[in-house]
Each structure stands twice: as structure tokens, then as C-alpha cells.
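K.L.:
kindly return the folded structure for what I paste below:
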Amino acid sequence: MDFRTEFRPVTIQPQQIEERSFQIIDEEIGEHHFTQEQYPIVQRVIHASADFELGKSLLFHPSAIKAGIEAIRAGKKVVVDVQMVQVGVNKARIEKFGGSVHVYISDPDVIAEAKRLNTTRAIVAMRKAVKEADGGIFAIGNAPTALLELIRLIKEGEARPGLVIGLPVGFVSAAESKEELAKLDVPFITNIGRKGGSTVTVAALNALSILAERG
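P.N.:
Model prediction:
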């Protein structure tokens with residue numbers, strides 16, 4: 001293949017590209033405090049973002065990996081905050097165990113209720129989701145308001161998630177929402193600061209499903 005540049009890629013084979021990427025991450029990450037269970041999540045987040053600072057800022061509840069794997073293997077629902085996360089998740093691995101991936105933010109009843117209450121669709125979507133996904137995985141990569149509402153519902157006993165992946169990105173309430181999540185005694189994966197986003201949330205979810213599949 002002629003790329004018409006001076007540079008030539010090391011390889012154009014997808015599997016080799018991924019393997020070499022992980023080798024580079026392992027070589028460059030340096031010292032870290034993550035456990036053997038947690039590191040595959042960190043590795044894939046860095047792979048998705050090319051951001052070592054973001055990867056190293058991840059925080060894990062001690063039971064997070066175990067809880068996430070158990071939820072996937074039990075066929076629990078996976079709830080995400082936006083379509084971008086839903087599209088990126090490897091649904092075949094979730095569905096293999098009887099699970100499914102759901103996003104409620106564009107549901108007509110959610111849109112109507114958000115207008116009626118003059119609030120965000122993300123908030124109303126979480127209120128709907130917790131009624132339908134008890135013990136499931138809630139993965140939030142875009143909307144801090146969704147994460148804050150989920151935290152409220154957990155505190156009030158209205159939500160019992162198996163795992164919360166809270167990695168919203170942004171300048172307004174993103175860092176603060178993750179700080180609040182890290183205070184809860186529920187299994188969580190989150191990070192410190194403003195960075196995050198749908199891509200890294202997908203990476204964390206996919207890493208968990210790979211671990212669940214490996215047994």
C-alpha cells in the first residue's frame with residue numbers, strides 16, 4: 001500500500017497494531033499503584049485516549065472489578081447515558097451472558113418529562129433507568145448531571161447498581177460529580193479531574209466484558 005508519505009507504518013494489521021500499542025503503554029506508564037485486576041481497565045483507557053495522565057487518575061472501589069464481572073456474567077442490564085457510549089460498547093460480549101445495553105435519554109417519555117419539569121433529559125433518564133436495571137452497570141461518560149442524579153438516587157435508596165462507571169468529561173460539575181461518587185460505598189470506577197468522556201467509558205466497559213469472557 002502506498003501512503004505517499006516519507007513515513008511507513010510498522011504494521012497495518014489490526015491485531016498487531018493493538019498488541020504493539022499495549023506494549024508501548026506497558027513500557028511508558030512507569031510506576032503505578034494499580035492492582036493486577038485493575039490494570040487492564042487502565043491500559044484500555046490509555047489505549048483509547050493516548051492520555052497517561054487520565055489513565056493514572058482512575059480510581060477504583062476495592063470491589064469494582066469483581067462486581068462488574070459478576071454483573072456481566074449474571075446478565076444484568078448495562079445502562080449508559082448517551083448513544084455514543086451505547087454504539088461503542090461491544091454488545092456481543094454483553095449479550096453472550098444474557099445482558100443488554102440501554103440508553104434512555106432520547107425516549108419520548110423522558111423528553112416529555114424533562115420539558116414538563118424544566119430539567120435535563122439526563123436526569124430524567126436516570127430516574128427511569130434505576131427502575132428497570134436493579135443490580136446493573138451504570139456507565140456515564142458525558143453528563144455530570146446524570147451521575148449526580150444517580151448518586152442522589154443511591155443515597156435515597158432508590159437505586160442499587162452493581163457497578164457505577166462514572167467518567168463524565170467537562171468543565172461544569174464533571175470533577176465534582178466524580179468526587180461525590182468516590183465517597184459512596186458502592187462499587188465504582190471513576191477518575192480525578194475534568195477529563196473523561198464517552199470514549200474512555202466505552203474502553204472501561206469493554207475491558208470489563210473481556211475479563212468476564214475470559215473467565
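
K.L.:
from now on I want contacts and neighbour counts done on CA atoms only, so please keep to that.
P.N.:
Fine.

K.L.:
biggest helix in the protein, by residue count?
P.N.:
Longest helix in the chain by number of residues, with DSSP state H as the criterion: helix 198-214.

K.L.:
which parts of that one are buried?
P.N.:
Residues of helix 198-214 classed as buried under the neighbour-count rule (16 or more other CA atoms under 10 Å) are 198-212.

K.L.:
what's that helix in contact with?
P.N.:
Applying CA atoms under 8 Å, 6 or more residues apart in numbering, the contact partners of helix 198-214 are 40-42, 44-45, 48-49, 65, 68-70, 72-73, 84-85, 88-90, 93-94, 139-142, 165-168.

K.L.:
tell me what the helix or strand of the chain with the lowest mean pLDDT is packed against?
P.N.:
Each helix and strand of the chain was given a mean pLDDT (mean pLDDT, DSSP states H and E); the minimum falls on helix 14-28 at a mean of 89. Judged by 3 or more CA pairs under 8 Å, 6 or more residues apart in numbering; DSSP states H and E, helix 14-28 is in contact with helix 39-49.

K.L.:
so Phe97 makes contact with Ile72?
P.N.:
Yes - with contact defined as CA atoms under 8 Å, Phe97 reaches Ile72; the gap is 6.7 Å.

K.L.:
so these two - more neighbours on which side?
P.N.:
Comparing Phe97 with Ile72 by other CA atoms under 10 Å, the one with more neighbours is Ile72, at 28 against 17.

K.L.:
now do the longest helix of the chain, average pLDDT.
P.N.:
Helix 198-214 shows a mean pLDDT of 96.

K.L.:
C-alpha coordinates for it, PDB please?
P.N.:
Extracted C-alpha coordinates of helix 198-214, given in PDB (Å, rounded to 0.1, in the frame of the first residue of the first chain):
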ATOM      1  CA  SER A 198     -17.700   8.600  26.200                       C
ATOM      2  CA  THR A 199     -14.600   7.000  24.600                       C
ATOM      3  CA  VAL A 200     -12.900   6.100  27.800                       C
ATOM      4  CA  THR A 201     -16.200   5.000  29.300                       C
ATOM      5  CA  VAL A 202     -16.600   2.600  26.400                       C
ATOM      6  CA  ALA A 203     -13.000   1.400  26.900                       C
ATOM      7  CA  ALA A 204     -13.600   0.700  30.600                       C
ATOM      8  CA  LEU A 205     -16.800  -1.200  29.800                       C
ATOM      9  CA  ASN A 206     -15.200  -3.200  27.000                       C
ATOM     10  CA  ALA A 207     -12.300  -4.100  29.200                       C
ATOM     11  CA  LEU A 208     -14.700  -5.400  31.900                       C
ATOM     12  CA  SER A 209     -16.500  -7.500  29.300                       C
ATOM     13  CA  ILE A 210     -13.300  -9.000  28.100                       C
ATOM     14  CA  LEU A 211     -12.400 -10.000  31.700                       C
ATOM     15  CA  ALA A 212     -15.900 -11.500  32.100                       C
ATOM     16  CA  GLU A 213     -15.500 -13.500  28.900                       C
ATOM     17  CA  ARG A 214     -12.100 -14.900  29.900                       C
END
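
K.L.:
sorry, back to before: so for the least confident helix or strand of the chain, what gets flagged as buried?
P.N.:
Buried residues in helix 14-28 (16+ other CA under 10 Å): Ser21, Phe22, Ile25.
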